Each structure stands twice: as C-alpha cells, then as structure tokens.
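Novice: structure for this input, please:
(2 chains)
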Amino acid sequence: MSAPANALEVRDLVVTNGEVAAVRGVSFTIPAGGRMGLVGESGSGKSMTALALMGLLPMGWGAQGSVLHDGVDLVTQSDRALSSRRGRTLSMVFQDPLSSLNPVRRVGDQIAWVIRRHTGVDRREAERQTLDLVRQMKLPRPEQIVRAYPHEISGGQRQRIMIAMALACYPQLIIADEPTTALDVTVQKQVLRLLNAAVKERNSALLMITHDLPIIAAMCDSVAVMYAGRIVEMGPVGEVFRTPRHHYTRGLLESQPTMDNIALDGSSRLVSIPGMVPPLHDLPAGCAFHPRCPAASERCRSAMPELDGRGRAAACWHPAAAAVEAAP
Amino acid sequence: MTIYVLRKLAFFVGAVLVASLAIFLLIRGAGGNVAAIVLGKDATADAINALAHTYGLDRPLPVQYVDWIMNMLSGDLGQSFRTKESVADLVTDRLSVSVPLALSGLLLGLIIAIPVGTYAARNVGRPSGALLALLSQIGVAVPVFWAGILLSVLFGVRLGWLPTGGWTDWTADPVGAVRSLVLPVLSLGLIMAAVLIRYIRSAVLDVMNQDYVRTARAVGMTRTQALLQVGLRNALLPIVTIVGLQIAELIGGTVIIEMVFSLPGLSRMILANVAAREVIVVQSTVMLIIVFVIFVNFVVDLLYGILDPRIRNSA
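Specialist: Coordinates of the predicted model:
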C-alpha cells in the first residue's frame, strides 16, 4: 500500500448549524508525517474544525466542503464507514482526560477495546499489546494501571492513557485538542514530550490545537491562526512567529507572557488585544477582526480579505510583514 | 466494597428499627386503647379488659414493643382478633397475587421503557422522538384505574378473550390464575412504562452528551454502539434509582388495580383490615411492607456500588 502524499487535505470547510457558522471556509493541508498547529482564542472555531474532521460534530451541526484523508472524502462518509477509520487511520486526543474516559470501565479494557476493534486480534493479544502501550507511555506499575478505573489515577496518567488509546493502531493522523490544558503545569511538559515521541515513532501526522504558542513552536512545523471561523494567517512556524503579517497573529504573540513582560511589581508591560472575540451570530462585516485591529481602514469594514497565498499567507488588507521583517 | 456493603447494611438495620418504632408509636401510642378499638363503641369495660389481658395489651408499651419485635424476628406476626388467622398466613396468601402482579407489571414496564426511552433519546429533535415523548406524556396523565377499565372493556367485554376480573387460585387452576393476571399486569405495565420512558430518555440524553461517549466514537464506535455500550451502561445508575422508587410505590400502589379487577391482593387486605379495626394485622403488615421498601433501597445502594466504581471506592 503506497502512502498518500498528504495525511489531510481540507478544502473550504464550513461548519454550521443552519443559523450560524462556527467555521467559515477553512482550507489547509498536512503532508504525511507533517505537524501543523492550529491556534486561536476560544470561540475561533478550532475545536469545531477538529470535530468536523473526525465526523464528531455535536447534534445539529453539519459540515460542508471536503476533507480528503487516506483517499476518501470524510465529509461524505457514513457514520459506520467513519467509525472504522476513527482510531485506526485518524484519531483524536481530547482536552479533559477525566471526563473523556469512560468512568465505569478499567482503562486497560478501554485501550484493549480499540485494538480489538481495528485489528481483530483475540483478547489475550489485545491485552498484551495494551500492556506494551502502557509501558511505552512510561506509566508506573503498568500491570496495576491497566486494572485501574479513570478516577483512580492522576490527571497526567489519564492523559497518557488517552494518548495510548488514540495511538494504539498507528493512525496516519492524530488530532490533539488542547491535550495539556487541563493538566498541572508540572506534568504538561512530560505529557507533551511523550506525545511528541509517540507521534514521531509512528510517523503520524499531527494537528495540534492549542492557544499556547510555545507548544506550537516546539512541536509543529507549520501553523494556522484562526479567528472567527477563518484562517487569518498560516505558514511555517518560524516565519509566522518571527514575522507575523496579520495584526491578530501579532497581537497573540505580543500577549504571550514571558519573563520579560510580566512584572511582579504591577508595572506589567504585557499587551493584550483590545475587545473580545465577536459572537458567531453577530460577526462584523468585512474583516471580522477590524473592530480590534490597530491598522483597520474603511476597506476592512466592508470587504473580507482572502488568504494571499497557499504556503505562507495572511488574510489582511494591510499586512504588517515588511516593517517587522526589517527589524534585526 | 466490603466496607461499603457493611455501611449500607448498618443503615438498613438502623432504618428498620426506626421505622418499627415509628409504626408502633403511631398505631399504639396515638391510637389509644387497642382492645377498645377492636371491640367498638358499645363494648363493656369488662370485655375490653378481658380482651386486653388475653392479648397482653395491658402490659407497658415498651414491653409490648420488644415482644412484638422479638415475635416478628421469630416469624410470628401475630393473629387476627376476629378470625384468629395468623397474619403470616394471611400475608403469604395475598402475596401469591400481589407479587406476580407487581413484578410482572414492573418487568413489562421495563421491557417497553428501556428500548423506547433509548430510541426516544437517540431521535430527540426528530418527529419520531417527539411522538414518543408525547405518547409517554399522555401515558403518565392516564390514571391506572381508567387504563384498567378500558382494557377490561376491550378484552373482557367486547372480545371476551380474558376475564374482566376475579381470581382463580394458583393451586386450583394455574392457567386461570395467569389469565386473571394478564389485564391487571398490562394496565400496570403500560402506565409504568410511560413513567419510566421519560426517566430513561432523559438519563440517556444526559450521558449521550458526555465527553466519554464522544471519545468512544473517536476510537471506533458507531453512534449507536456508543449509545448502547457506553451510554446505556452509564445511564443505568439513574435508571436503577427510579426503578427502586417505582418498586416501593408498586407495593402499596396496586390497590386500585386490585379493586378494578377484584383481585385478592395485599393492598386490599390491608384496606379491609383497617376498616375492620384489626390493629395487629395492620401493624405487622405495614411493618413488613416498610421492611421490604427499605430492603429495596438497600439493594439499590448495592447496585450503585456494583455499577459505579467511583461510588464503591468512596465509601
């Protein structure tokens, strides 16, 4: 079986419930084994994008456009057809590992179920593979962990179990939606390192959703910035983060706390983007970011800018590239 | 789990003791002179005293209470003043009607309600789901006696398939006994199903929106599989709760059905004995029912522990 060149090709994805659209025409490509970060504030549509790719949208929501993966368009697939792919060719790690694991089944059984579902091996073999996976996830006392219920283990351990479940069948694509947000800061790094290693070992592609920019910088090779259901800027991580062209990306980068801009004596120099993400039912005309944008003009209020390229691109009438690029 | 069971067991015993004291005090303490009540207004003082003495009713209340409890524990529930029948025999006889009636009614209700409630939850927002919700709402509104009368008119009077009422004893004619139970069970079961459908629907709806159901789908379950294997399993907890409450309600709640179909069940016996001022019969029978209800709650608690590892461990 020849591996397709791209793990995921999303074209003009729209997610709507008939009244409002949470995702308004998103296109991006992740090459096989590639790693893309998806950033944006809460409500920007990143999670809805991920759920649409998985075919797991909440009741009442539907997806349009095309999502090519492993030679099929996922948008047109039935739930039954999708279910045989989910966990096998594409998989997802969710944010809160406590609420995301079945509270009444032992974690080992939950992992073993995935293995049996997609490989058809017998119970013994599935249990053996489960134990292997749990060891790979560097969990202490694996023989005991597999027999534990989710509430009996720590948050970091739960998330490792979740990752083990998602990666059990060596998927081509893994979607991780804020995989460390619900965890203690001290275990976040461990879990990320583990996810990173496991993805690398399987040669899977990764779509990392987070509002934490340093995580993207450390783990991804490309990034897409979402705002109000659209991608406003994308490109290689280094370029986008070093020379942001969209004013929203710039605002996001400037509002990241660092040792330099957090002052404990109250003289904080940490910048924040003024205003709030607009509600879906009341999006401004033109560029959705214009009410909060320092460079907004009359044109931004009336006409919606499109992405100005396919690799490195920004959707802005007044991109800021040149000025920043000139800086040392 | 052992600690959990022991704690629940202690609670069970404690609740039974408190209940027995409450019943005893309510009936004896607040009820006045039992012998006088039994004999009625026109009895002479001598007759009252004689009766009281025969049954030990002239002893101090604490002594009578302890006596009553000890006798109950050894299986002696006392006897009827008038017929001298033992309460144990009276009750056993009536249970051969009431237990099959209540259990079959509940079973029928569950057999209907679990699939229908789950289906209604699965199809929420669609016409089929709305129709089921409406039907169960109507079912909840229909009084059980009216359902009984309607069924009796249709199958008993019009079609003549089944008896409209009455009872043939199990030993005399088992088929006849079953036949006389069909309509009562049907009316009880249908009404019960209507109530249960609503609870099961909302319980299933609630778990369907949980993250772990989404996770189950994210690793390879179809929507239906996730609903049945993960959703329903987690919805069992609230379902067990409501079924426990329904069982408790059934014990006393079959009285109307027993009236409509003239069945000699437990509820009617209690009613008749209340009217006949059979204090001991009422006291012991009510106590039995209360023990049963507390026992059902105990079983529900145990089921919680079995169904949910979080509850098991927290105890």
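Novice: can you pull the pLDDT of the residue nearest to B:Gly156 when sequence neighbours are not counted?
Specialist: Spatially, and ignoring its direct neighbours in sequence, B:Gly156 is nearest to B:Thr164 (3.3 Å; CB to CB, 6 or more residues apart in numbering or on different chains). (Glycine included, C-beta is placed from N, CA and C.) On the pLDDT scale, B:Thr164 is placed at 77.
Novice: same question, B:Thr92
Specialist: So B:Thr92 comes in at 87 (pLDDT).
Novice: and the gap between B:Leu302 and chain A?
Specialist: Per CB to the nearest CB, to the nearest Å, B:Leu302 is found 16 Å from chain A.
Novice: I meant to write B:Ser136 there.
Specialist: When CB to the nearest CB is applied, the distance between B:Ser136 and chain A equals 21 Å.
Novice: could you confirm the residue nearest to B:Gly156 falls within a strand?
Specialist: No. Read with DSSP: H, G, I helix; E, B strand; the rest coil, B:Thr164 is coil and lies in no strand.
Novice: quick one, what contacts it?
Specialist: B:152, B:156-157, B:183, B:261 (CB atoms under 8 Å, 6 or more residues apart in numbering or on different chains).
Novice: from those, which would you call buried?
Specialist: Listed as buried from the contacts of B:Thr164 are B:152, B:156, B:183, B:261; burial here means 16 or more other CB atoms under 10 Å in any protein chain shown.
Novice: in contact with the first one, which residues?
Specialist: Going back to what we said before, that points to B:Ser152. Here B:Ser152 is in contact with B:164-165, B:183, B:260-261 (CB under 8 Å, 6+ apart).
Novice: please apply the same query to the last one.
Specialist: With CB under 8 Å, 6+ apart as the criterion, the residues that contact B:Phe261 are B:148, B:152, B:164-166, B:180, B:183-184.
Novice: flag every residue of the stretch 51-200 of chain B that's near chain A.
Specialist: With CB under 8 Å from any CB of the partner chain as the criterion, the stretch 51-200 of chain B meets chain A at residues B:124-125.
Novice: which secondary structure element of the chain has the lowest mean pLDDT?
Specialist: This is for chain A. helix A:321-326 (a mean of 46; mean pLDDT, DSSP states H and E).
Novice: was after chain B, sorry
Specialist: helix B:34-39 (a mean of 76).
Novice: nearest to chain A, of the contacts of B:Phe261?
Specialist: B:Pro184 (36.8 Å; CB to the nearest CB).
Novice: in which helix or strand would I find the closest one?
Specialist: helix B:174-208 (DSSP states H and E).
Novice: hang on, the earlier thing: need the contacts of B:Phe261 in TSV (columns: distance to A:His318).
Specialist: Conversion of the contacts of B:Phe261 to TSV gives the following (distance: CB to CB, whole Å):
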residue	distance to A:His318
B:Gly148	78
B:Ser152	82
B:Thr164	87
B:Gly165	87
B:Gly166	91
B:Ser180	87
B:Leu183	81
B:Pro184	80
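Novice: among those residues, which two are most distant?
Specialist: B:Gly148 and B:Gly166 (13.6 Å; CB to CB).
Novice: which of these two has more neighbours?
Specialist: For B:Gly148 versus B:Gly166, the count of surrounding residues by other CB atoms under 10 Å in any protein chain shown is larger for B:Gly148: 25 against 11.
Novice: that older thread, and the gap between the residue nearest to B:Gly156 and B:Ala130?
Specialist: Going from B:Thr164 to B:Ala130 by CB to CB, to the nearest Å gives 36 Å.
Novice: coming back round to it: ok, the contacts of B:Thr164 vs B:Asp58, which is closest?
Specialist: For these, the residue nearest B:Asp58 by CB to CB is B:Phe261; the value is 42.6 Å.
Novice: tell me the pLDDT of the closest one.
Specialist: 85.
Novice: pull up the residues of the stretch 101-250 of chain A that are close to chain B.
Specialist: Counting by CB under 8 Å from any CB, the residues of the stretch 101-250 of chain A near chain B are A:101-104, A:113-114, A:117-118, A:149, A:151-152, A:162, A:165-166, A:168.
Novice: pull out the buried members of the residues you listed.
Specialist: A:101-102, A:104, A:113-114, A:117-118, A:149, A:152, A:162, A:165-166, A:168.
Novice: I'd like these as CSV, with pLDDT and secondary structure appended.
Specialist: Output for these, formatted as CSV (pLDDT from 0 to 100; DSSP: H, G, I helix; E, B strand; the rest coil):
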residue, pLDDT, secondary structure
A:Leu101, 95, coil
A:Asn102, 94, coil
A:Val104, 93, coil
A:Trp113, 95, helix
A:Val114, 95, helix
A:Arg117, 94, helix
A:His118, 95, helix
A:Tyr149, 94, coil
A:Glu152, 93, helix
A:Met162, 94, helix
A:Met165, 94, helix
A:Ala166, 93, helix
A:Ala168, 92, coil
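Novice: pick out the most distant pair among these.
Specialist: Taking CB to CB, no two of these sit farther apart than A:His118 and A:Glu152, at 26.5 Å.
Novice: below-threshold pLDDT in chain A: ranges please.
Specialist: Within chain A, the segments meeting pLDDT under 70 span A:1-4, A:258-270, A:321-328.
Novice: thanks a lot, see you next time.
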